[in-house]
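Participant: coordinates only, sequence not included:
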């Protein structure tokens, strides 16, 4: 079975850091684009970062310079290092895998991990 397990969320002060992990199993890791998405209360799901099929990385403008996505192929795990966190980063963060691109209609989704940045 394909599984994505997101973890690493928590409660943090503004300016703090968290590292999210997304452990993948049941599929060939390198054959998929892996994306991070988030959804804040009352808001739409939005893309945060992506590792493309070519293993390039890209970021939403609102996290550029603060968040870094990386992967450990040996562990089939993708990480999202989040620095300089702001209250507006508060959301449930999801990882997703797709055969073509990082998209909100991705093939597979993790269960989400809550990130709360205090006001």
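Facilitator: The structure has been received and is ready for your questions. Model, not experiment: these values are computed from the prediction. Numbers count the residues shown, from 1 in each chain.
Participant: so the most centrally placed residue in the chain bridges to which residues?
Facilitator: Centroid check for the chain by CA atoms, centre = their mean gives residue 36 as the closest residue, at 2.6 Å. Note on residue 36: beta-bridge partners by DSSP bridges are residue 49, residue 95.
Participant: just checking, it touches residue 20?
Facilitator: Yes. Using CB atoms under 8 Å, residue 36 is in contact with residue 20, at 7.1 Å. No exception for glycine: its C-beta is placed from N, CA and C like everyone else's.
Participant: for the residue nearest to the centre of the chain, what are its contacts?
Facilitator: Shown in contact with residue 36 (CB atoms under 8 Å, 6 or more residues apart in numbering): 20, 22, 47-50, 69, 78, 80, 93-96.
Participant: which one of these has the most neighbours?
Facilitator: residue 95 (32 neighbours; other CB atoms under 10 Å).
Participant: report the contact partners of that one.
Facilitator: Neighbours of residue 95 in contact, by CB under 8 Å, 6+ apart: 4, 6, 20, 22, 34-37, 78, 80, 109-110.
Participant: what's the closest of those residues to residue 55?
Facilitator: Within these, the smallest distance to residue 55 is 9.8 Å, found for residue 34 (CB to CB).
Participant: quick one: the closest one and residue 41, what's the gap?
Facilitator: For residue 34, the distance to residue 41 equals 25 Å [CB to CB, to the nearest Å].
Participant: what of residue 20?
Facilitator: 19 Å.
Participant: likewise residue 119?
Facilitator: 14 Å.
Participant: now for these two: what residues contact both?
Facilitator: Counting by CB under 8 Å, 6+ apart, residue 119 and residue 41 have no shared contacts at all.
Participant: residue 7: how many residues sit nearby?
Facilitator: Per other CB under 10 Å, the neighbour tally for residue 7 reads 15.
Participant: show the pLDDT at it.
Facilitator: Note for residue 7: predicted pLDDT of 97.
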